[in-house]
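>>> sequence plus the predicted model coming up.
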Amino acid sequence: MVLADEPTNQQAPLTNPFTNERRQCKNPSISTSSWGIVQAFEKVPILKAMAPTHTEPPFKLTQLIVLALFIVFAIAAATRFRNEAAA
């Protein structure tokens with residue numbers, strides 16, 4: 001028997017145990033790519049020297065470029081899907 005206050009496997013909240021914030025990312029691929037950018041800037045020595053604290057312009061510019069690419073690819077995919085669905 002499951003009580004109403006207990007989360008089940010399907011209802012498990014994605015929370016950070018150190019803060020009480022919920023993850024708000026709706027697209028896991030954007031979250032994964034952002035994680036990849038952070039990992040690259042932490043592990044690659046040249047990138048780490050350019051942005052050691054992840055608040056410098058090269059880090060922010062890289063994230064902005066990746067976000068722009070996701071938007072461009074999403075628009076292209078939606079346009080192609082619409083054209084194929086109409087045919």
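All right, it came through fine.
>>> tell me which element T53 falls in.
Using DSSP states H and E, T53 falls within no helix or strand.
>>> list the contacts for it?
Residues counted as contacts of T53 (Cβ atoms under 8 Å, 6 or more residues apart in numbering): none. Placement of C-beta: from N, CA and C, glycine included.
>>> for it, grab phi and psi.
As for T53, its main-chain torsions (degrees, to the nearest 10) stand at phi -110, psi 0.
>>> per-residue pLDDT, it?
pLDDT recorded at T53 is 90.
>>> so in the protein, where's the weakest helix or strand by average pLDDT?
None of the helices or strands of the chain scores lower by mean pLDDT, DSSP states H and E than helix 28-43, at a mean of 79.
>>> then whichever helix or strand comes after it to PDB, C-alphas only?
Next helix or strand after helix 28-43 toward the C-terminus (DSSP H and E): helix 45-50. Extracted in PDB, the C-alpha atoms of helix 45-50 (Å, rounded to 0.1, in the frame of the first residue of the first chain):
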ATOM      1  CA  PRO A  45      43.500  22.300 -20.000                       C
ATOM      2  CA  ILE A  46      43.200  24.900 -22.700                       C
ATOM      3  CA  LEU A  47      39.500  25.500 -22.000                       C
ATOM      4  CA  LYS A  48      40.100  25.500 -18.300                       C
ATOM      5  CA  ALA A  49      42.700  28.200 -18.600                       C
ATOM      6  CA  MET A  50      40.300  30.300 -20.700                       C
END
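>>> tell me the buried residues in helix 45-50?
Residues of helix 45-50 classed as buried: L47 (neighbour count, 16 or more other Cβ atoms under 10 Å).
>>> immediately after that helix, which helix or strand?
helix 57-86.
>>> against which helices or strands is that following helix packed?
helix 28-43, helix 45-50 (3 or more Cβ pairs under 8 Å, 6 or more residues apart in numbering; DSSP states H and E).
>>> can you do 7 Å?
Packing contacts for helix 57-86, counted by 3 or more Cβ pairs under 7 Å, 6 or more residues apart in numbering; DSSP states H and E, involve helix 28-43.
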